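Participant: just a sequence and a predicted model for now, questions to come.
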Amino acid sequence: MGILDKFDAVRGAYNEARSNGRDPFSVRFDVIKSATEGEIGGRSVTLMGTNNYLGLTFDGACVEQAVQALRENGTGTTGSRIANGSYGLHVKLEAELARFYGRKHAMTFTTGYQANLGIIGTLAGRDDDLLIDADSHASIYDACKLSGARVTRFRHNSAKDLARRLKHLEGNPGNRIVVVEGIYSMHGDTAPLKELVAVAKEAGAYIIVDEAHSLGVLGKKGRGLAEAAGVEDDVDFIVGTFSKSLGAIGGFCVSNIENFDVLRVACRPYMFTASLPTSIVASTIEALRQVEKGGHLRERLMRNSRRLYEGLALAGFTMGPEITPVVPVKVDDAETAITFWNGLLQEGLYCNLVLSTATPDGKPLLRCSVSAAHSEQQIDEAIATFTKVGQALNAIPKPAMAAAE
């Protein structure tokens, strides 16, 4: 048996995707012209699969701060903070994050994936119980493996099932740690956080909320679902990323837990990974300021999200359960999804092709992520493109007159 033979199923799925035209791994953008526009093969493409929720990747102030830091500090740090030391901007970003969230402590990571690996994998030990939502991100599942803790999955967004499973764990040694997300990245639904927190606290459990897709999107100040649900004081750890609303890359954790800084010498993913270049740190600090004063961006983002969701639903598509900037269109089978995705790309619309192995319910998705930078015209054109391709593939009904012809 060859060492790669265990991936035959993955290879088969990939080959199936390639047999129907382009596949997501072969897409190459010649130019990224703005937060919402790119070019592929010399043709203009509307970007609707980038998680660039506030459109800050081309914000002038963010770019200028990054350029200045690049000139002053060079292209990289060439090592971890534990080995090579911290730059002033690293310390400043953590102070800004703590202030933004009203927390005593903040810790940054080089990616959001690494933040989940580091925090969950370090906090939970062999004698502890991790309870995670069944629809959790891959980084949360991988963190569970790293931790060595006992892992229990509870039914997606079910406070009742969480309570039942916590009850079964009574008497176990160690701590119980509940992990949920603000906005779930595939179906775009939010957690019933108030109910989940109440259940966790009643059982004496700690709670971690991953606000990767909800930072900058939810809450009056843009702090995420915990703010919007009014439960910030009851959430022990908030984890998130800089690669969505903040338009950069990196991850973080904030908390009020005493002795938090011991994690800096206990968390291996933090200790043994090179720290963020200061150009990224500087742009992130500026983006965080934009989020704080960005109520108008959040309002525009939600208007755009509603416009796309309702337009696609009206056209006859099966949508996700809730209107958020993650707008998924459900497709019956992989072959249709791949052909549909290729058709959209041919018509100048880029979204995410998500096959069944990566979706919570095993149904393929065409996943859109909306930006505050999208114009109403771009949203309407996206609806029209989805409708045109969907009708050609018989994925949605054709208009009665067209059907009669």
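Facilitator: That came through fine. Residues are numbered from 1 along each chain as shown.
Participant: quick one, longest helix in the chain?
Facilitator: helix 295-315 (DSSP state H).
Participant: mean confidence score for it?
Facilitator: For helix 295-315, mean pLDDT is 97.
Participant: so K398: helix, strand or coil?
Facilitator: Recorded secondary structure, K398: coil (DSSP: H, G, I helix; E, B strand; the rest coil).
Participant: how about L89?
Facilitator: L89 is classified as helix under three-state DSSP.
Participant: any idea of the pLDDT on it?
Facilitator: The model reports L89 with a pLDDT of 98.
Participant: can you give me the strands for the stretch 1-150 of the chain?
Facilitator: Taking DSSP state E, counting those that start in this stretch as the criterion, the stretch 1-150 of the chain carries its strands at 31-32, 37-40, 43-47, 105-109, 129-133, 150-154.
Participant: can you check the stretch 201-350 of the chain too?
Facilitator: Under DSSP E, counting those that start in this stretch, the stretch 201-350 of the chain gives strands at 206-210, 237-241, 251-255, 318-319, 326-330, 349-350.
Participant: export these to CSV and append columns for mean neighbour count, mean pLDDT and distance to A228.
Facilitator: In short, each C-beta sits where N, CA and C put it, glycine included. Shown next, in CSV, are the strands of the stretch 201-350 of the chain (neighbours: other CB atoms under 10 Å; pLDDT from 0 to 100; distance: least, CB to CB, whole Å):
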stretch, mean neighbour count, mean pLDDT, distance to A228
strand 206-210, 26, 98, 11
strand 237-241, 27, 98, 13
strand 251-255, 26, 98, 16
strand 318-319, 16, 96, 21
strand 326-330, 26, 98, 15
strand 349-350, 22, 98, 29
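Participant: look up how far R307 lies from N259.
Facilitator: 47 Å (CB to CB, to the nearest Å).
Participant: adding distance to R150, write the strands of the stretch 201-350 of the chain out as JSON lines.
Facilitator: Below are the strands of the stretch 201-350 of the chain laid out as JSON lines (distance: least, CB to CB, whole Å):
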{"stretch": "strand 206-210", "distance to R150": "15"}
{"stretch": "strand 237-241", "distance to R150": "19"}
{"stretch": "strand 251-255", "distance to R150": "22"}
{"stretch": "strand 318-319", "distance to R150": "36"}
{"stretch": "strand 326-330", "distance to R150": "31"}
{"stretch": "strand 349-350", "distance to R150": "41"}
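Participant: out of those strands, which comes closest to D30?
Facilitator: strand 349-350 (12.7 Å; CB to CB).
Participant: now do the helices in the stretch 51-200 of the chain.
Facilitator: Taking DSSP state H, counting those that start in this stretch, the helices of the stretch 51-200 of the chain run over residues 60-73, 81-84, 88-101, 112-123, 138-147, 159-168, 193-202.
Participant: G240 is nearest to which of those helices?
Facilitator: helix 112-123 (6.8 Å).
Participant: tell me how far that closest one lies from the chain's centre.
Facilitator: Helix 112-123 sits 15 Å away from the centroid of its parent chain (CA atoms, centre = their mean, to the nearest Å).
Participant: what mean pLDDT does it have?
Facilitator: Rounded mean pLDDT across helix 112-123 is 98.
Participant: tell me which other helices or strands it touches.
Facilitator: Packing contacts for helix 112-123, counted by 3 or more CB pairs under 8 Å, 6 or more residues apart in numbering; DSSP states H and E, involve helix 138-147, strand 176-181, strand 206-210, strand 237-241, strand 251-255, helix 268-271.
Participant: now the angle between strand 105-109 and that helix, please.
Facilitator: Here the directions of helix 112-123 and strand 105-109 differ by 120 degrees (axes from the mean of the first three to the mean of the last three CA atoms, to 10 degrees).
Participant: contact partners of helix 112-123?
Facilitator: Defining contact as CB atoms under 8 Å, 6 or more residues apart in numbering, one finds that helix 112-123 is touched by 109, 130, 137-140, 142-144, 146-147, 177, 179, 206, 208, 210, 212, 237, 239-243, 249-253, 263, 266-270, 273.
Participant: how about 7 Å then?
Facilitator: 109, 139-140, 142-144, 146-147, 177, 179, 208, 210, 212, 237, 239-241, 243, 251-253, 263, 266-267, 269-270, 273 (CB atoms under 7 Å, 6 or more residues apart in numbering).
Participant: quick one on the thing from earlier: nearest to S185, out of the helices of the stretch 51-200 of the chain?
Facilitator: The nearest among the helices of the stretch 51-200 of the chain, by CB to CB, is helix 138-147 at 9.7 Å.
Participant: mind giving me the packing neighbours of that closest one?
Facilitator: Applying 3 or more CB pairs under 7 Å, 6 or more residues apart in numbering; DSSP states H and E, one finds that helix 138-147 contacts helix 112-123, strand 129-133.
Participant: picking that back up, so which of N259 and R307 has more stuff around it?
Facilitator: Set N259 next to R307 and count neighbours by other CB atoms under 10 Å: R307 wins out with 19 against 7.
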